[in-house]
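A.B. asks: Mind looking at a prediction? Sequence and model below.
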Amino acid sequence: MREFFRKNSLLVYPLIFALVLIPVMIVALISYQPSASADCNCNKASNAPPLAPHSHGTGLVSEVKNDMKLIFNVSAATQLYEMVDGRLQLCEGDLTGDMKHVTVDVLDAGLNVGEHLPVTVDLMIYRAGTSEIVIQAAAPAMVAPGHNYHFGDNYLLPSNTAYDWTVVISPVNALRQEGAQHLWLDPVEWSGSFELDASGAVIGKAAGIQLIGDYSKEGIHITLSHQDAVTLYDAEGTELDTEPNSRYFVVDVTDHAVNYESKLPGADVTLTFKQGSTAFDVVLPAVISPTYGFHYGANVPVEPGQWQITVTVGGLDFLRHAGSAVNLARRPVSGTFNFTVE
């Protein structure tokens with residue numbers, strides 16, 4: 001035996017190293033939980049305007065035409081970057097005053113509902129009731145956190161003015177497999193109108209979803225938002241009752257580690273509301289919205305004042321392929337936000 005070790009001494013040390021290291025690696029793999037240091041702020045740009053993650057298209061107007069879901073929106077101008085020789089370059093221009101961000105979303109409403117479609121979009125905006133063209137442009141494609149792929153730009157639109165608009169969407173620029181060969185073959189024309197008040201805000205625009213806060217823990221990204229109470233229906237199409245003084249609370253749960261920002265169905269989502277000595281839990285069911293898709297939500301009656309809301313997401317005990325076994329949470333994750341009801 002001594003003779004064996006003497007002749008093979010160069011092999012002994014790597015063997016001992018492997019025998020020690022392999023069990024340690026196995027234990028580390030089994031016990032690993034993504035740490036708090038891996039948490040991220042998904043809207044890090046210090047000079048960027050506030051933007052709700054997964055804010056989704058809550059536009060000025062939405063319509064389904066020719067198996068396309070179209071969303072038109074006018075909002076405050078936003079900071080944009082363009083690619084120049086393979087590098088990002090800040091787009092120049094004043095973002096205040098009469099500058100507005102006009103966008104058009106074009107989504108599949110006939111095949112794989114909700115998918116973004118590869119098209120071109122031509123935009124024309126007139127002073128209402130006249131043929132005076134204010135904007136005539138090919139709206140470029142762009143991407144944004146929470147808004148994903150859409151078309152639009154910042155445009156100069158004077159305040160205290162009424163406008164008519166027309167967009168022309170091209171046929172889908174893609175080959176088709178069997179089953180899709182008859183879809184989106186013709187241009188789609190879509191028109192509407194809007195009016196800006198003296199401050200530049202859109203008159204009569206419904207209040208959209210508003211961000212309360214978001215956090216990322218152990219590979220899961222959770223976003224809490226709210227809006228006015230909405231009408232909900234059960235799986236049989238029966239309208240559900242809504243209690244007075246309710247607000248609609250929206251929670252998006254997305255995979256932030258394996259399939260970046262893909263929504264996770266099948267989770268258990270609970271909101272815990274606290275105000276002084278008052279505390280109650282609300283379990284949020286899964287909800288489908290034609291505006292912002294799959295999420296967890298509920299109309300919750302809340303009295304005016306300062307509330308503390310804790311979002312707890314659990315029930316993530318689904319089977320996992322290799323590669324996602326340790327990257328996504330294996331236990332409930334929680335985050336707490338302050339929220340004021342006016």
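C.D. replies: Perfect, thanks for sending it. If you're wondering where the values come from, they're calculated on a predicted model, not measured in any experiment.
A.B. asks: where along the stretch 201-342 of the chain do the strands fall?
C.D. replies: Assigned by DSSP state E, counting those that start in this stretch, the stretch 201-342 of the chain shows strands spanning 210-217, 220-228, 246-255, 262-263, 268-275, 278-284, 286-289, 293-301, 305-314, 333-341.
A.B. asks: ranking those strands by mean pLDDT, which is last?
C.D. replies: When the strands of the stretch 201-342 of the chain are ranked by mean pLDDT, strand 262-263 comes last with a mean of 83.
A.B. asks: quick revisit: which stretch among the strands of the stretch 201-342 of the chain comes nearest residue 78?
C.D. replies: Closest to residue 78 of these is strand 210-217 (Cβ to Cβ; 15.2 Å). To be clear about C-beta, it is placed using only N, CA and C from the backbone, and glycine gets the same treatment.
A.B. asks: Could you list every helix and strand that that closest one packs against?
C.D. replies: Applying 3 or more Cβ pairs under 8 Å, 6 or more residues apart in numbering; DSSP states H and E, we find strand 210-217 packed against strand 220-228, strand 333-341.
A.B. asks: In TSV: the strands of the stretch 201-342 of the chain, plus distance to residue 76 and mean neighbour count.
C.D. replies: As requested, these are exported to TSV (distance: least, Cβ to Cβ, whole Å; neighbours: other Cβ atoms under 10 Å):
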stretch	distance to residue 76	mean neighbour count
strand 210-217	15	19
strand 220-228	18	22
strand 246-255	22	22
strand 262-263	27	13
strand 268-275	30	18
strand 278-284	30	13
strand 286-289	24	14
strand 293-301	24	20
strand 305-314	27	17
strand 333-341	23	15
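A.B. asks: For residue 114, find the nearest of the ones you listed.
C.D. replies: The closest of the strands of the stretch 201-342 of the chain to residue 114 is strand 293-301. By Cβ to Cβ, the value is 5.9 Å.
A.B. asks: what lines up beside the closest one in the sheet?
C.D. replies: Based on DSSP bridges, the strands next to strand 293-301 in the sheet, each with its direction, are strand 246-255 (antiparallel), strand 286-289 (antiparallel).
A.B. asks: how about residue 97, secondary structure?
C.D. replies: The local conformation at residue 97, judged by DSSP: H, G, I helix; E, B strand; the rest coil, is coil.
A.B. asks: pLDDT score assigned to it?
C.D. replies: The predicted structure scores residue 97 at 84 on the pLDDT scale.
A.B. asks: That one: neighbouring residues, count only.
C.D. replies: The tally of other residues near residue 97 (other Cβ atoms under 10 Å) stands at 11.
A.B. asks: quick one, phi/psi of it?
C.D. replies: Per-residue torsions, residue 97: phi 70, psi -130 (degrees, to the nearest 10).
A.B. asks: Tell me how far it lies from residue 193.
C.D. replies: 22 Å (Cβ to Cβ, to the nearest Å).
A.B. asks: got it, and residue 99?
C.D. replies: Distance from residue 99 to residue 193, by Cβ to Cβ: 20 Å.
A.B. asks: need the next SSE after the strand or helix carrying residue 101, C-terminal direction.
C.D. replies: Under the criterion of DSSP states H and E, residue 101 resides in strand 99-108. Next along the chain after strand 99-108, taking DSSP H and E as the criterion, comes strand 121-127.
A.B. asks: I'd like to know which elements that following strand is packed against.
C.D. replies: Where contact means 3+ Cβ pairs under 8 Å, 6+ apart, strand 121-127 is packed against strand 99-108, strand 133-139, strand 148-156, strand 161-169.
A.B. asks: tell me which residues of the third one are tucked away?
C.D. replies: Same thing as strand 148-156. Residues 150-155 are the ones in strand 148-156 that count as buried (16 or more other Cβ atoms under 10 Å).
A.B. asks: Apart from its chain neighbours, what residue comes closest to residue 197?
C.D. replies: Distance criterion Cβ to Cβ, 6 or more residues apart in numbering; nearest residue to residue 197, sequence neighbours excluded, is residue 203 at 5.2 Å.
A.B. asks: which residues does the one you found contact?
C.D. replies: Residues in contact with residue 203, defined by Cβ atoms under 8 Å, 6 or more residues apart in numbering, are 194-197.
A.B. asks: Of these, which pair is most distant in space?
C.D. replies: Pairwise distances across these peak at 10.8 Å for 194 and 197 (criterion: Cβ to Cβ).
A.B. asks: Looking at these two, which one has more neighbours?
C.D. replies: Between residue 194 and residue 197, residue 194 has the larger neighbour count (other Cβ under 10 Å), namely 22 against 12.
A.B. asks: quick one: the host helix or strand of the more buried one to strand 161-169, angle?
C.D. replies: Counting by DSSP H and E, the element that carries residue 194 is strand 188-196. Angle between the axes of strand 188-196 and strand 161-169 is 160 degrees (criterion: axes from the mean of the first three to the mean of the last three Cα atoms, to 10 degrees).
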